[in-house]
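A.B. asks: Prediction below, plus the sequence it came from.
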Amino acid sequence: MPWSLSQLSKYKQCPSAYDFRHNKKIADPAGPAAQRGTDIHAHLEHYIETGEWGYEVPAFTRERAENMRACGHKPEAKIALDKDWQVVEWNSPSAWVRGIIDTLQVSEPTAAMGEWKTGKVYPEDHERQRRLYLSLLLSAYPGVNQATIETIYVDHSKSGTRSMDRSELLGEQEYWREEAGPMLRDTFFSPRPGFYCNWCPFSKRKTGPCEF
Ligand code: SF4
């Protein structure tokens, strides 16, 4: 099964929670905040695709979206790569890693990506997402030498940006191989009880299957 950043984040929180969700396919019910995020993403995607606003978003986000559309960004760019970081079909059995980029504009030798975030800012997690998506993009587009990604925080009217040059790509690919390796090799998926159990939908207190 190909991995994604959300799976890797879940695994790092708790291998057992990852196992319940992604191997045993036990539903992780989306709360109201997650549903709101999904809705806003859908509205922004619709705007980037059609130029039509059907939903009020804060001025900063609207301005960034309008700028992206004016620069030729397209919504929902899906990238699937094999173990050698070569492009494969999204559902290919040889897909090793996958990512869906909210907006993408490629103009070789450069490219720009956009990501929408609702709710809190998680600096570490979001920086990791920027790193991974830059690696995916530079791997998928050999004619791109320099790429940038901007995370737009809808509820905070600010953004975070990172760029990557092709000269960094081999090191980044190795970094992600090492990061994903323990998850991909794991066969026990031991529980890691701690702070996260308070919110875990698989916890005993939420009548889930976990003993904690
Ligand atoms: S309740 Fe805690 S230990 Fe159990 S799966 Fe969730 S995070 Fe892991």
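C.D. replies: Sure, I can see it.

A.B. asks: Next SSE downstream of the helix or strand containing A77?
C.D. replies: Under the criterion of DSSP states H and E, A77 resides in strand 74-81. Along the chain past strand 74-81, the next helix or strand (assigned with DSSP H and E) turns out to be strand 97-107.

A.B. asks: about what we covered before: so which elements touch the strand holding A77?
C.D. replies: Other helices and strands packing on strand 74-81, by 3 or more Cβ pairs under 8 Å, 6 or more residues apart in numbering; DSSP states H and E, are helix 32-50, strand 97-107, helix 123-140. For every residue, glycine as well, the C-beta is placed using N, CA and C.

A.B. asks: what's the pLDDT at D102?
C.D. replies: What the model reports for D102 is a pLDDT of 97.

A.B. asks: what sits against it?
C.D. replies: Contacts were defined as Cβ atoms under 8 Å, 6 or more residues apart in numbering; by that measure D102 touches H41, L44, E45, P75, E76, M113, G114, E115, W116.

A.B. asks: what is the mean pLDDT for stretch 183-195?
C.D. replies: Looking at stretch 183-195 alone, the average pLDDT works out to 96.

A.B. asks: try stretch 141-161
C.D. replies: When pLDDT is averaged over stretch 141-161, the result is 97.

A.B. asks: what's next to that stretch, contact-wise?
C.D. replies: The list of residues contacting stretch 141-161 from outside it, by Cβ under 8 Å, 6+ apart, reads 40, 57-61, 64-65, 101, 106, 108-119, 121, 123, 126-127, 129-130, 133-134, 137-138, 162-166.

A.B. asks: So what's the residue count around the residue lying closest to D125 once chain neighbours are set aside?
C.D. replies: Among residues not flanking D125 along the chain, S9 sits closest, at 6.2 Å (Cβ to Cβ, 6 or more residues apart in numbering). S9 is surrounded by 15 other residues when neighbours are defined as other Cβ atoms under 10 Å.
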